[in-house]
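Undergrad: have a look at this prediction, sequence included:
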Amino acid sequence: SMGTNDVPGSLYIDCSAFLDLQVILMLTKLFDFNLNSVTESSLWRSTDYGATYQKLNDKVGAKTILSYLYVSPNNKRKIMLLTDPEVESSLLISSDEGATYQKYRLNFYILSLLFHPEQEDWILAYSHDQKLYSSVEFGRRWQVVHERVRSGYSEALYVTCKLQNCTDANKGKPFPGYIDPNSLVVQDEYVFVQVSTAGRPIYYVSAKRDVFTPMKLPKYTLPKNLHVISTDENRVVAAVQEWNQNETYNLYVSDTSGVYYTLALENVVSSMGPEGNVMVDLYEVAGIKGMFLANRKTDNQVKTYITYNRGRDWRLLQAPGKDLRANSIHCELPYCSLHLHLHVSANPYTSGNIASRESAPGIIVASGSIGSELTTSNCQRVYHLGCRNTWRQIFNEEYAVLYLDQGGALVAIRHTPLPIRHLWLSFDEGRQWNKYSFTSSPLFVDGVLGEPGEETLIMTIFGHVSHRSEWQLVKIDFRSIFNRRCTEADYQTWHLHNQGEPCLMGVKRIYRKLKPTSRCVMGKTYSVSMTSGPCECTEADFECDYGYERRTNGKCTPAFWFHPSSMSRSCTMGMTFLNSTGYRKVVSNNCTAGVSMEYTARRQQCPIQAPRGLHLVTSEGTLTATLGTNVTFLVFLEEGDGARTSITLDFGDGHAVTYSNVSSIEDGIKHIYKTVGIYRVTATGENSLGSETTMLYLHVTCQLEYIHLSAPFVAVRNKEVNLTAVLWPSQVGTVTYIWWIGNNTEPVITLEGSVSCTFPREGISTVTVQVSVGNSILQDRKSIAVHEYFRSHLLAFSSNLDDHNPDVAEWRLDVSRVIRNSLIQATGVREDQLLVTVLPGLPTAAEFFLLPDKQLTEGKPDKSSVHLDQLSEVLLGALNQNLVQFTLRPGVQVTVYAAHLSAAPLVDTSENHSGSAMLMLLSVVVVGLAVFVIYKFKSPANPTEAPSSSQRDLVHSLEILDTEFNSRPIGEYPLLLTLTFGLHFNLLFLHCLCHSIEHCFMRLILCSFFVSQR
């Protein structure tokens, strides 16, 4: 035994390794609950079956804290130790069964290791910074294989490369597109990936690293989740949670390709594991190929079923005939049967609810109950007796049962929270048990180190005498009980059968097993011996083929959704195909002759038929594409001679291609769209017997870079306001606009970029627009000041301000605040009566808004007019005298000017206007424009000032960005003219505002004259 001092923490075995029959390595850690971390570790080594241990801390570093112990699966002499990455990043390597170590520093932290199943020096390491490293020298040197190997992202790629030469140029992508994160599964000869399209997962499989093919489950399975259970014997067993299941899964089995699946068992129970993983109640029995146990839920009762032929047939378990006291148990099928718990322990030092071993075929030890369903109370230990294929009860309470000497002996230790000092030993597969004491003082058992006890008669129990005592390791050596090794006379034959049927999986299997009366040691040299004899094929050796279902009479008939002729879709005239009979032989079934010819698929000539079942999809499985990138279209033909069926693909943008046959486009058809839009893509398949057409509508979009919400800075209460979302680039594809206006709790959703609205209350209202394009959503927000009356006037600036204008929203907000403060300082106007906004574009322009004093003008429009006129005169006077200035930065003094126009009149919300006045206004507009045109043509032309085409385009774009100028409030005779001209890549905004008919005429002439002067 060994132990540690009494410390405020918990000492536990983190991992142990049996290197051969004598050498044992053990890593222990001391966890400090106060610090919530491991503060000490110890490495122990035994060379005498665990009788004594040597502490090796001085050989790995006295202060080194070890985190993990690894043993090469191909050479147990090679050991690797990892240090705690919070202290240091190193690994220690031993090549002499842990006797000596060499330390190697790492420049990355190892999160996990993966050893090659055959090459003992090949290792993969995953680091904390999401990089994959490889070593071909058992960790002595590492190279980066790939970066950004991570999970949790919406898209991932499956990448492969040769370990010896893994460069970017040599990396392959066996799956052409993106896959769902955490969906890659590599098991034996199969690789699985998942791709979700429109919220529905599509599963792909590659057998023997060949091309990926969609897994074919029955048509209306519609899986929500899929777990690969087994891939041995060239067959896939998958647990599928279908659309109408929540707590159960259906079991499906495949053909050798892993593509076509048929139902094996419905409603298998599942539970959630300790780490959030799904645990399906399916157990594969070790030592006997094709035998599975499953817990199935029927009529809200959980029952245990067994199969001997890989899920082709299932039946309930016959309960034992007698209990431990030899009393008869009355349990008749199907109303009563034996039910087992099928959870395997994740802890290597404790046993689970069920156990079996390759070295002991036919012996299954499990806990369970007898009755109409599985219960958690009154658990009993039972095991499968090999010689009679019947179940026998061995304990009334929970026991951990371990296999020793290749199953020649069984050891049972009671599962209890109380201390114990006895164990039980059986030499006849559990028929009789002998009681042994393994310690003088009762011990709280924490676990059992059973390996290599499976091959020897030595085991180690670890635990503690009390909850605060030192650790105890107890070595138990049963060799002294035996005085000889087993001979041939000690063995007997055992015929595996299923309720008397000796032919299982097409053969008769006969095993060599130890006689119950033999008390001898089999030893490590013993190997399981099995002979087999062939059986003639019967209907029981065949399961239903893909698309077929087994009826109550046992016959396989096509499902309602399946067309048997579709299985010849890849046929070419002059070739042959396998025409299914509705049956297929169970994978790895070795029966011969018999009904084989009747049930085996028949090879036939490919029929001549018109194309049917034409499918057109994109390689990504989506209906969207990005402008300027390759879009790969895939065309599939379910029925028809693919070699003689031409395919024409019209991309919908004026381009089309034609291929002579389907096989020439297996890798897809690529096309690049140069304009955003929605395109109708059409595929047509045609041969001498007919044609078929299919289509899809592809949305081609480009990345939306930013948006701008164009809205007035100030609006009149209850007056309609135009809001416009301007996009860059302007054409991005299908766009959805979501408008959040004021305090409305529900948005307004439109397909147009403009909406109109009114604001019923005075104050600050916020407008937010969200623009959705593809998978991206951008938004912009503006605050609008809503008032009953206001005056406004445009502002201009000294030209030096343009040199410092980056034309971004944040700059305009900051400068607006500076201008407002300068106006207040120069005129004494109150802060709550003045608003200033700098407008987008160049030259820099701004506008100020004067608001009436609510206390003086509440409900008095006349006073509002007089009050605003007085304030306007004050501000315009200060501006005209160059009294409004501000310092943008040291050495940059900016002067603010009025735009030489009178301020806007008092706004009247009345709807009553004179019809004759409006007619006269239109006449004045025509006359004013005529005057302007005549004057303009009189002006000397300056070719250097003529705006270029690009200048005109820029002016047009900036006009769109500033549509708020087109929604300015107007006066008694509502006339607002915005004259916009492009001058040297600049914009000049002038507002002609008038009080009366005569005033409008004079103002229009002045506006025209002013523009001509500019």
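TA: Yep, it's here.
Undergrad: got a list of what the closest residue to residue 592 other than its chain neighbours touches?
TA: Spatial nearest neighbour of residue 592, excluding adjacent residues (CB to CB, 6 or more residues apart in numbering): residue 534 at 5.4 Å. In this view, the C-beta of every residue, glycine as well, is placed from N, C-alpha and C. Counting by CB atoms under 8 Å, 6 or more residues apart in numbering, residue 534 makes contact with 506, 507, 508, 590, 591, 592.
Undergrad: in this structure the second one contacts residue 592, no?
TA: No - using CB atoms under 8 Å as the test, residue 507 is too far from residue 592 to be in contact (9.6 Å).
Undergrad: give me the more crowded residue out of these two.
TA: More neighbours surround residue 507 than the other of residue 507 and residue 592, with 19 against 12 (other CB atoms under 10 Å).
Undergrad: and the more buried one, how far from residue 232?
TA: According to CB to CB, to the nearest Å, residue 507 stands 17 Å off from residue 232.
Undergrad: where do the helices sit along the stretch 751-900 of the chain?
TA: 809-827, 854-857, 861-880 (DSSP state H, counting those that start in this stretch).
Undergrad: residue 485: which of the ones you listed is closest?
TA: Of all those, it is helix 809-827 that lies closest to residue 485, at 88.7 Å by CB to CB.
Undergrad: packing partners of that closest one?
TA: In terms of contacts (3 or more CB pairs under 8 Å, 6 or more residues apart in numbering; DSSP states H and E), helix 809-827 is packed against strand 834-838, strand 846-850, helix 861-880, strand 885-889, strand 892-898.
Undergrad: nearest to residue 529, out of the ones you listed?
TA: Nearest to residue 529 among the helices and strands packed on helix 809-827 is strand 834-838 (93.1 Å), distances taken as CB to CB.
Undergrad: which residues touch the closest one?
TA: For strand 834-838, contacts defined as CB under 8 Å, 6+ apart pick out 713-714, 785, 795, 812-813, 815-817, 819-820, 823-824, 844-851.
Undergrad: try 7 Å this time
TA: 713-714, 785, 812, 815-816, 819-820, 823-824, 844, 846-851 (CB atoms under 7 Å, 6 or more residues apart in numbering).
Undergrad: save the contacts of residue 534 as CSV, and put in secondary structure and distance to residue 394 too.
TA: Converted to CSV, the contacts of residue 534 look like this (DSSP: H, G, I helix; E, B strand; the rest coil; distance: CB to CB, whole Å):
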residue, secondary structure, distance to residue 394
506, coil, 33
507, strand, 30
508, strand, 29
590, coil, 34
591, coil, 36
592, strand, 40
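Undergrad: which SS state does residue 718 fall under?
TA: At residue 718 the chain is in coil, as set by DSSP: H, G, I helix; E, B strand; the rest coil.
Undergrad: mind listing what the closest residue to it other than its chain neighbours touches?
TA: Closest residue in space to residue 718, ignoring its immediate chain neighbours: residue 758 at 5.4 Å, by CB to CB, 6+ apart. Residues in contact with residue 758 (CB under 7 Å, 6+ apart) are 718, 719, 720, 721.
Undergrad: once you drop chain neighbours, what's closest to the last one?
TA: Setting aside the residues directly before and after it, residue 721 is nearest to residue 715 in space (CB to CB, 6+ apart), at 4.8 Å.
Undergrad: state the next helix or strand along the chain beyond the helix or strand where that neighbour lies.
TA: Assigning secondary structure by DSSP states H and E places residue 715 in strand 714-716. Next along the chain after strand 714-716, taking DSSP H and E as the criterion, comes strand 721-728.
Undergrad: just checking, what packs against that next one?
TA: If you count contacts as 3 or more CB pairs under 7 Å, 6 or more residues apart in numbering; DSSP states H and E, strand 721-728 packs onto strand 706-710, strand 754-757, strand 763-773.
Undergrad: nearest to residue 223, of those?
TA: Nearest to residue 223, of these and by CB to CB, is strand 763-773 at 29.7 Å.
Undergrad: how much space separates residue 604 from residue 688?
TA: From residue 604 to residue 688 the distance is 21 Å (CB to CB).
Undergrad: again but with residue 53, I slipped
TA: Per CB to CB, residue 53 is found 83 Å from residue 688.
Undergrad: kindly report the same for residue 35.
TA: 82 Å.
Undergrad: also residue 764?
TA: 74 Å.
Undergrad: can you get me a residue count around the residue nearest to residue 201 when sequence neighbours are not counted?
TA: Using CB to CB, 6+ apart and skipping residues adjacent in sequence, the residue nearest residue 201 is residue 194, 5.2 Å away. Close neighbours of residue 194, defined as other CB under 10 Å, add up to 19.
Undergrad: wait, residue 194 sits on residue 180?
TA: Yes - contact criterion CB atoms under 7 Å: residue 194 and residue 180 qualify, at 4.6 Å.
Undergrad: domain map for this structure?
TA: Domain assignment for the chain, taken from the TED database, gives 11-150, 539-605, 612-701, 706-787, 791-854+863-898.
Undergrad: still on that earlier bit, the strand holding residue 715: partners in the sheet, and parallel or antiparallel?
TA: Here strand 714-716 is paired, per DSSP bridges, with strand 776-787 (parallel).
Undergrad: kindly calculate the angle that the partner strand makes with strand 763-773.
TA: Orientation check (axes from the mean of the first three to the mean of the last three CA atoms, to 10 degrees): strand 776-787 against strand 763-773 gives 160 degrees.
Undergrad: may I see the buried residues of strand 776-787?
TA: Across strand 776-787, burial judged by 16 or more other CB atoms under 10 Å covers 778, 780, 782, 784, 785, 786, 787.
Undergrad: could you do stretch 551-558 as well?
TA: residue 556.
Undergrad: same check on stretch 107-124?
TA: 108, 109, 110, 113, 115, 116, 120, 121, 122, 123, 124.
Undergrad: who's in contact with the nearest residue to the first one once chain neighbours are set aside?
TA: Which is residue 108. Nearest residue to residue 108 in three dimensions, chain neighbours excluded: residue 127, at 4.1 Å (CB to CB, 6+ apart). Residue 127 sits next to 108, 109, 110, 111, 133 when contact means CB under 7 Å, 6+ apart.
Undergrad: please tell me how far residue 127 sits from residue 166.
TA: From residue 127 across to residue 166, the span is 16 Å (CB to CB).
Undergrad: likewise residue 367?
TA: Residue 367 is 48 Å from residue 166, by CB to CB.
Undergrad: of these two, who's got more company?
TA: In this view residue 367 and residue 166 are compared by other CB under 10 Å, and residue 367 has more residues nearby, 23 against 17.
Undergrad: and the gap between that one and residue 272?
TA: Separation of residue 367 from residue 272 (CB to CB): 20 Å.
Undergrad: now do residue 482
TA: 45 Å.
Undergrad: before we move on, the earlier item: pick out the most distant pair among the contacts of residue 534.
TA: Most distant of those, by CB to CB, are 508 and 592, 12.5 Å apart.
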